[in-house]
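S.K.: sequence plus the predicted model coming up.
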Amino acid sequence: MRDSLLRPERIWKFGVILGVVSILSGIGHGEAPSQTPPAQPGTADSSTPAKASATSENVPQAAGVIGLELIDSCIENGSPLWYEAGPGGTVLVYLQYDLERAAPNRAAGHFHFRVQARPGTELTLELKNLDNVWNGKSGSVAREMEQFVTSEDGQTWESHPTLRPDGERVLLPLKITGTQLDVARIEPYRLSDLDRLLQEISSKPGVQVQTIGNTVEGRPLELIQIGRRDAPFRVFLRARAHPWESGGNWVVQGLIRRLLRNDDHAHKCLERYQVTILPMANKDGVARGRTRFNAQGMDLNRNWNEPADPKLAPENAALETWLLGEIEQHRPPHLAIELHNDGRGLLHFSRPTVPDNDRYLSRMKSLEQLLRIHSWFSEGSTKPSFNNPGTLGDGWLNRFQIDALVHELNANRIARIDQPTSGALWQQYGENLTTVLYEYFGSVKP
């Protein structure tokens, strides 16, 4: 038996099979590029073979699509994916699902990758694996994907409409004028962006940055406090519990920078309230390009109706420990805002059976009205029948009697000014929020 396996004809067949497998395994799976960086527009150099090959006519085409060389997800915040040629010259991009722990739920909605191609290449990408499952029910996220953004340098982003020929399929038409183009669902905010912000503000007067714990994978969780500890009011904001939802990061960055401008408006705001911000709750998910869950498959905007599990959700456990410490010192937040992105952009007010719920709802309606007056907010709030137990907004109201809400930011367009979303406009919203909070706390008692 052993000798028969070594016959020449068997060795030849085995070698052919290995060769075919090797070729197939290298096609269209978002493998990392070589260590030599791709050529930037206008910098091709014939003396450097790696750069010159980017425009060579005899370079093999990725997935068999003319002009395409690589769809690279091995970038900061890159989304796990694989791809292949589709009908009519399209490229099918298969996003990987996040899976929730001990549940049938799954999520895929984040996309951020780099397309490398010959200059002038025109492509149409079709996103696949958008059939999410939430609360055990299937529901495609395709209908929410109305816009996407592109960038040649990873910093300056331009918005484009998606094509949705039947309401379910999502197509991204691209033209690569240089040799590469970054593509994302919304303007990214990466760990490096947060690091730059922390470096910018950490030494400024009135700013305290403390690490309250670590993520599942050991990344530090920074808490930013701005203003006096003895200010009459305190507000807490958290962003990025769901990794793809970068809008909240831009909002808190705009708010922070406005409060640190050292002018009359900033001074009067900080005389009235102190701000505490957890800017990036799910750092592991952001680093790995995930959509919803943490590294243990937990949703960080759920299960707030009970104490956080320090093993499965150390991010929430660290925040809860901080909150309990503030409560013990008789310094709980007077208002808590949980920032998210979706396709609607509503304020989510909980309506649990808690004492004095009418007072809470009255204050939330006042907050909504102030947002309409002092910002471009116009989407409105949830209906009286709405109830979403386990969110931070619901849990902090129920367990700690803190006025709290979930604020969704529309990921596609800003309806009131009829413009696509952007980091700049979300930062503007954060700036406007300083006035909203000033007026809000001017109408309530400590």
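M.R.: All right, it came through fine.
S.K.: spatially central residue in the protein, please.
M.R.: Trp244 (2.4 Å; Cα atoms, centre = their mean).
S.K.: how close does that one get to Asp299?
M.R.: 13 Å (Cβ to Cβ, to the nearest Å). C-beta here means a position set from N, CA and C on the backbone, and glycine is covered the same way.
S.K.: touching both of these two, which residues are there?
M.R.: Arg292 (Cβ atoms under 8 Å, 6 or more residues apart in numbering).
S.K.: what about the closest residue to the residue nearest to the centre of the chain other than its chain neighbours, how many residues nearby?
M.R.: Excluding the flanking residues, the one nearest Trp244 by Cβ to Cβ, 6 or more residues apart in numbering is His110, at 3.3 Å. Residues lying near His110 (other Cβ atoms under 10 Å) number 28.
S.K.: what score does His110 have for pLDDT?
M.R.: If you check His110, the pLDDT there is 98.
S.K.: doesn't it fall inside a strand?
M.R.: No: counting by DSSP: H, G, I helix; E, B strand; the rest coil, His110 is not part of a strand but coil.
S.K.: didn't the residue nearest to the centre of the chain look like it was pressed against Arg292?
M.R.: Yes: counting by Cβ atoms under 8 Å, Trp244 does reach Arg292; the two are 7.4 Å apart.
S.K.: mutual contacts of these two, please.
M.R.: Gly109.
S.K.: follow-up on the earlier one: quick one: the residue nearest to Trp244 from Leu81, how far?
M.R.: Taking Cβ to Cβ, one finds His110 at 10 Å from Leu81.
S.K.: now the common contact residues for these two.
M.R.: Counting by Cβ under 8 Å, 6+ apart, the residues touching both His110 and Leu81 are Leu95.
S.K.: mind listing what's buried in stretch 169-177?
M.R.: Arg169, Val170, Leu172, Leu174, Ile176 (16 or more other Cβ atoms under 10 Å).
S.K.: which one is the first one nearest to, not counting chain neighbours?
M.R.: Distance criterion Cβ to Cβ, 6+ apart; nearest residue to Arg169, sequence neighbours excluded, is Glu126 at 6.2 Å.
S.K.: tally of neighbours for that neighbour?
M.R.: Considering only other Cβ under 10 Å, Glu126 is surrounded by 19 other residues.
S.K.: and Ile66, by the same measure?
M.R.: Burial measure for Ile66: 11 neighbouring residues, criterion other Cβ under 10 Å.
S.K.: for it, give me the backbone phi and psi.
M.R.: The phi/psi pair for Ile66 (degrees, to the nearest 10) reads phi -60, psi 130.
S.K.: which stretches in the stretch 251-400 of the chain count as helices?
M.R.: Remark: helices assigned in the stretch 251-400 of the chain by DSSP state H, counting those that start in this stretch are 264-272, 283-288, 314-328, 357-374, 392-400.
S.K.: lowest-confidence helix or strand of this structure?
M.R.: helix 49-52 (a mean of 34; mean pLDDT, DSSP states H and E).
S.K.: where does the spatially closest residue to His265 that is not a sequence neighbour sit: helix, strand or coil?
M.R.: Among residues not flanking His265 along the chain, Thr434 sits closest, at 7.2 Å (Cβ to Cβ, 6+ apart). Classification of Thr434 by three-state DSSP places it in helix.
S.K.: so where's the stretch 51-200 of the chain shaky on pLDDT?
M.R.: 51-59 (pLDDT under 70).
S.K.: please, where are all the strands along it?
M.R.: Secondary structure of the stretch 51-200 of the chain by DSSP state E, counting those that start in this stretch: the strands cover 68-72, 81-85, 91-95, 98-99, 106-107, 112-117, 121-128, 131-134, 137-140, 147-151, 158-161, 170-176, 180-184.
S.K.: rebuild the ones you listed as JSON lines, extending it with distance to Ala318.
M.R.: Rendered in JSON lines, the data for the strands of the stretch 51-200 of the chain read as follows (distance: least, Cβ to Cβ, whole Å):
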{"stretch": "strand 68-72", "distance to Ala318": "33"}
{"stretch": "strand 81-85", "distance to Ala318": "31"}
{"stretch": "strand 91-95", "distance to Ala318": "30"}
{"stretch": "strand 98-99", "distance to Ala318": "21"}
{"stretch": "strand 106-107", "distance to Ala318": "23"}
{"stretch": "strand 112-117", "distance to Ala318": "27"}
{"stretch": "strand 121-128", "distance to Ala318": "34"}
{"stretch": "strand 131-134", "distance to Ala318": "26"}
{"stretch": "strand 137-140", "distance to Ala318": "31"}
{"stretch": "strand 147-151", "distance to Ala318": "32"}
{"stretch": "strand 158-161", "distance to Ala318": "35"}
{"stretch": "strand 170-176", "distance to Ala318": "36"}
{"stretch": "strand 180-184", "distance to Ala318": "29"}
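S.K.: looking at these, which is nearest to Leu397?
M.R.: strand 131-134 (22.3 Å; Cβ to Cβ).
S.K.: what's that closest one packed up against?
M.R.: Counting by 3 or more Cβ pairs under 8 Å, 6 or more residues apart in numbering; DSSP states H and E, the packing neighbours recorded for strand 131-134 are strand 106-107, strand 137-140.
S.K.: hmm, who's touching that strand?
M.R.: Tyr97, Pro104, Asn105, Arg106, Ala107, Ala108, Gly109, Ser138, Gly139, Ser140, Val141.
S.K.: so who does the first one touch?
M.R.: Under the criterion of Cβ under 8 Å, 6+ apart, the contact list for Tyr97 reads Arg106, Ala107, Ala108, Asn129, Asn132, Thr291.
S.K.: closest to Cys269 among these?
M.R.: For the contacts of Tyr97, the nearest to Cys269 is Thr291 (34.7 Å; Cβ to Cβ).
S.K.: tell me how far the closest one lies from Gln401.
M.R.: Counting by Cβ to Cβ - Thr291 and Gln401 are separated by 32 Å.
S.K.: please say which of these two ends up with more neighbours.
M.R.: Counted by other Cβ under 10 Å, Thr291 and Gln401 do not tie: Thr291 has more neighbours, with 24 against 14.
S.K.: ramachandran angles for the more buried one?
M.R.: phi -100, psi -50.
S.K.: distance-wise, check it relative to Gln96.
M.R.: The gap separating Thr291 from Gln96 is 9 Å, by Cβ to Cβ.
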